[in-house]
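>>> With the input below, show me the fold.
(2 chains)
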Amino acid sequence: MNIIIANSSPDPIYQQIVSQIKNLILKGDLTEAEALPSIRILAKELQISVITTKRAYEELERDGYIETVGGKGSFVSTQNKELLREKRLRVVEEKVAAAILAARTVGLEREELLEMFKLLYEES
Amino acid sequence: MFNQPLAPSEPKSTGSPSEMDSILVVDNLTKHFKDFSLQNVSFLLPHGYVMGFIGPNGSGKSTTIKLIMNLIHKDGGQIKVFGLDNLQHELTIKDRIAFVFDENHYYEELSIRDMARIVASFYKHWETQTYDKCLKNFDLDPKQKIKQLSKGMKMKFSLAVALSHRAELLIMDEPTSGLDPMARSELLEILATLIQDERKSVFFSTHITSDLDKIADFVTFINHGEIILSSPKDDILEKYGIVKGANDMLDEETKSLFIGIKTNKFGFEGLVRDKEKAHRYFKERAIVEKPTLEDIMLYTMRGEKHG
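All right, here's what the predicted structure looks like:
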């Protein structure tokens, strides 16, 4: 499991941890019921405050990605439907983003791209 | 009741600790000297965290620490360590505290091993095994005389002693001053290891704020004997902001947003307490960046100087 903190990023550190752990879960690098490092170990390793890692885990817990069992630690949640749906949505989002990027590089306007999208959508 | 240590303009953070779960409580502490006063100093340190105590030279850091250790007499207020009054239960408390000074206070002629034998007798719970393990981890030779040690090695020796009597609270006065970057980094690593035990806490004063940018959980900032702020570090760094822009953007109204401003021929740079507000105000005309603790310290002092 890799977590890379960028000091130059405008995002707060806890946010960087949240999005990286979410990505690891969505990509399947972290699997169901897998144990996460404790907030103190994570803070020590990344040389950041325990409050930062605690806040990151609290947010992941709130969003249903992980569960914390008192005295035992935190684990990746057994995946629920919403999570899976989000996982799929994420894939769609990535592909659309790639299409937009490709369109931009050839100077395609927003409307032209939407037109192309509509055509293809109806064809399929 | 305990007074919130925050300045009036600082809203209470959700992460604020309560007196109940605090290992160290300083409440309305006052001490008067001829030309300097410590005024109503209050803050809390919860179990399991690192608090950095920052401020310029002569701001009252060492005085506060000496009062906590009862090395000088206070004029008012209360200090509680482990929930106990620091005067009534002085010995019980000191047995559970490890105190590390900037200056060496050991016998220079003794070896690391012999010095430990003497120190061990002062404490109820001395663990020779832990001590030997620390020496090994810190690359210290037990046969070496204290006077032969470098500054970084002396610091590590003090820490080895501190860690070997099951101290729950580590109090350090300027532990990183005079240490090279390598030794400072090692020290921070040791502190992070110490708080893996959720009951233990570290309180250390420093004027090298980059040490705190990394590992501190809480930051307490003192200036002229008064607490300017005491909050979780993340809250401080998220709320405050450095704003940069053109000089013509500054007028009496916009200036009031700033704690301190520095201008030059080509623009200004200043610290704001609420970066969201500054962003709403200036929109795209100014750059808003993350501050460092050093920025916050410097601009707060600068702001004062220029009214």
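>>> just checking, B:Ile79 touches B:Asp85?
Yes: at 7.4 Å, B:Ile79 counts as touching B:Asp85 under the criterion of CB atoms under 8 Å. From N, CA and C alone the C-beta is placed, and that goes for glycine too.
>>> Give me the more crowded residue out of the two.
B:Ile79 (22 against 13; other CB atoms under 10 Å in any protein chain shown).
>>> ok, now which ones touch the spatially closest residue to the more buried one that is not a sequence neighbour?
The shortest distance from B:Ile79 to any non-neighbouring residue, by CB to CB, 6 or more residues apart in numbering or on different chains, is to B:Asn86 (4.3 Å). Counting by CB atoms under 8 Å, 6 or more residues apart in numbering or on different chains, B:Asn86 touches B:68, B:70, B:79-80, B:93.
>>> separation between the most far-flung residue of chain B relative to its centre and B:Asn264?
Relative to the mean C-alpha coordinate of chain B, counting by CA atoms, centre = their mean, the farthest residue is B:Asp248 (38.5 Å). Between B:Asp248 and B:Asn264 the computed distance is 14 Å (CB to CB, to the nearest Å).
>>> who's in contact with the worst-scoring helix or strand of chain B on mean pLDDT?
Using mean pLDDT, DSSP states H and E, helix B:209-215 stands out as the lowest-scoring helix or strand of chain B, at a mean of 81. Contacts with helix B:209-215, where a contact means CB under 8 Å, 6+ apart, come from A:43, A:47-49, B:50, B:52, B:54, B:176, B:184, B:188, B:191-192, B:206, B:219, B:233, B:292-294, B:297.
>>> got it, and stretch B:281-291?
Here stretch B:281-291 has contacts from A:10, B:237, B:240-246, B:249, B:254, B:257, B:271, B:275, B:278-279, using CB under 8 Å, 6+ apart.
>>> now the end-to-end length of that stretch.
18 Å (CA to CA, to the nearest Å).
>>> isn't B:Gly52 right up against B:Thr206?
Yes: counting by CB under 8 Å, B:Gly52 does reach B:Thr206; the two are 6.1 Å apart.
>>> where along chain A do the strands fall?
Along chain A, counting by DSSP state E, strands occupy A:66-69, A:73-76.
>>> Going by neighbour count, list what's buried in the first one.
The neighbour-count check on strand A:66-69 (16 or more other CB atoms under 10 Å in any protein chain shown) flags A:66-67 as buried.
>>> Partner strands of that strand, with direction?
Strand pairing for strand A:66-69, determined by DSSP bridges: strand A:73-76 (antiparallel).
>>> Pull the residues that contact the strand it pairs with.
A:25, A:30-36, A:38-39, A:57, A:60-61, A:65-69.
>>> While we're on the residue of the stretch 51-200 of chain B found nearest chain A, how confident is the model there?
Closest residue of the stretch 51-200 of chain B to chain A, CB to the nearest CB: B:Ala192 (4.1 Å). With respect to pLDDT, B:Ala192 scores 88.
>>> what sits up against the longest helix along chain A?
Taking DSSP state H as the criterion, chain A has its longest helix at helix A:81-105. Contacting residues not belonging to helix A:81-105 are listed as A:26, A:64-65, A:77, A:112-113, A:117 [CB under 8 Å, 6+ apart].
>>> Same check on stretch A:27-42?
A:1, A:3, A:17, A:21, A:24, A:45, A:50, A:53-54, A:57, A:66, A:73-79, B:48, B:195-196, B:198.
>>> And B:Ala246, how far from B:Ser111?
When distance is defined by CB to CB, B:Ala246 is 64 Å away from B:Ser111.
>>> again with B:Phe138
Relative to B:Ser111, and taking CB to CB, B:Phe138 is found at 15 Å.
>>> Check A:Glu59 too.
51 Å.
>>> rewinding a little: narrow the contacts of stretch A:27-42 to just the buried residues.
If we count by 16+ other CB under 10 Å, these have these buried: A:17, A:21, A:24, A:50, A:53-54, A:57, A:66, A:73-77, A:79, B:48, B:195.
>>> Which of these sits closest to B:Asp35?
B:Ile195 (37.4 Å; CB to CB).
>>> list the contacts for the closest one?
A:40, A:50, B:48-50, B:201-202.
>>> one step back: report the buried members of the contacts of strand A:73-76.
The buried subset of the contacts of strand A:73-76 - by 16+ other CB under 10 Å - is A:25, A:30, A:36, A:38-39, A:57, A:60, A:65-67.
>>> Tabulate those in TSV, adding columns for pLDDT.
As requested, those are exported to TSV (pLDDT from 0 to 100):
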residue	pLDDT
A:Ile25	86
A:Leu30	88
A:Leu36	95
A:Ser38	94
A:Ile39	93
A:Tyr57	96
A:Leu60	94
A:Tyr65	89
A:Ile66	93
A:Glu67	92
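>>> Including distance to A:Arg90, could the residues you listed go into CSV?
As requested, the buried ones among the contacts of strand A:73-76 are exported to CSV (distance: CB to CB, whole Å):
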residue, distance to A:Arg90
A:Ile25, 11
A:Leu30, 15
A:Leu36, 20
A:Ser38, 27
A:Ile39, 26
A:Tyr57, 21
A:Leu60, 15
A:Tyr65, 12
A:Ile66, 17
A:Glu67, 21
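>>> So which bits of the least confident helix or strand of chain B are buried?
Buried-residue list, helix B:209-215, by 16+ other CB under 10 Å: B:209, B:211-215.
>>> Now do the contacts for the closest residue to B:Leu271 other than its chain neighbours.
What sits nearest to B:Leu271 in space, not counting adjacent residues and going by CB to CB, 6+ apart, is B:Tyr299, at 3.6 Å. Going by CB under 8 Å, 6+ apart, B:Tyr299 touches B:259-260, B:262, B:270-271.
>>> In PyMOL, how would I select the buried members of those?
Here is the PyMOL command that selects the buried residues among the contacts of B:Tyr299 (16+ other CB under 10 Å):
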select buried, chain B and resi 259+260+270+271
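>>> Looking at the contacts of B:Tyr299, spot the one nearest chain A.
Among the contacts of B:Tyr299, B:Leu271 lies closest to chain A (CB to the nearest CB), at 17.3 Å.
>>> roughly how far apart are the closest one and B:Pro291?
According to CB to CB, B:Leu271 and B:Pro291 sit 6 Å apart.
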